[in-house]
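# below is the structure, and that's it, no one-letter string:
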């Protein structure tokens with residue numbers, strides 16, 4: 001495949017999807033779309049479904065194990081910080097959103113993406129781990145494991161092939177240096193142009 005032709009197609013597609021990608025007025029719109037996606041999808045994964053799983057018909061709120069409140073709180077802060085930083089990078093650096101129907105038009109290889117290929121998913125999993133610790137419910141642990149498996153399958157069979165087709169050798173080079181899960185000790189450095 002001719003990488004030049006692929007890049008021309010990406011440039012053509014990006015101009016039709018975001019007619020003014022460098023316009024400062026596009027970024028607030030991307031931030032709004034990211035906020036809406038976050039409220040709906042991660043909101044469902046992290047709040048609505050766990051609440052439904054933990055709901056006790058005799059009380060309104062799930063019962064927390066306060067012995068785990070401090071570590072859970074730290075994981076919540078860290079998970080939120082990871083997710084928010086990644087969402088910011090998608091909007092500002094990639095000119096897109098976390099939503100699969102509106103992905104970044106530029107390959108995001110800055111911030112946490114310099115050390116791991118999927119920090120946003122890892123942030124969400126950290127938030128689920130915090131909930132598992134706080135509520136100590138086996139059903140919630142099974143749910144978190146199911147979400148982790150779903151993320152892995154999504155990354156391997158949908159996201160990675162899509163990114164490889166859109167960004168070609170740049171993405172291949174990135175994948176060779178940055179792990180899919182976990183964090184690399186050495187930060188990614190792009191190929192010199």
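Looks like it arrived, so ask away. These numbers were taken from a predicted model, which means no experiment stands behind them. Residues are numbered from 1 along each chain as shown.
# mind giving me the packing neighbours of the strand or helix carrying residue 170?
Element membership for residue 170 (DSSP states H and E) is helix 160-177. Helices and strands in packing contact with helix 160-177 are listed as helix 3-17; criterion 3 or more Cβ pairs under 8 Å, 6 or more residues apart in numbering; DSSP states H and E. C-beta here means a position set from N, CA and C on the backbone, and glycine is covered the same way.
# next secondary structure element downstream of the helix it packs on?
The first helix or strand that comes after helix 3-17 along the chain, using DSSP H and E, is helix 26-43.
# tell me the buried residues in that next one?
Residues of helix 26-43 classed as buried under the neighbour-count rule (16 or more other Cβ atoms under 10 Å) are 30, 33-34, 37-38, 42.
# counting by contacts, list what it packs against.
Helix 26-43 packs on helix 69-92, going by 3+ Cβ pairs under 8 Å, 6+ apart.
# low pLDDT regions in the protein?
1-25, 57-62, 191-193 (pLDDT under 70).
# got a list of what the spatially most central residue of it touches?
The geometric centre of the chain, computed from its C-alpha atoms, lies nearest to residue 120 (Cα atoms, centre = their mean), at 2.7 Å. With contacts defined as Cβ atoms under 8 Å, 6 or more residues apart in numbering, residue 120 is in contact with 82-83, 86-87, 90, 98.
# what about it, which SS state?
Remark: residue 120 carries the secondary structure label helix [criterion: DSSP: H, G, I helix; E, B strand; the rest coil].
# could you measure residue 99 against residue 174, distance?
Residue 99 sits 21 Å away from residue 174 when distances are taken as Cβ to Cβ, to the nearest Å.
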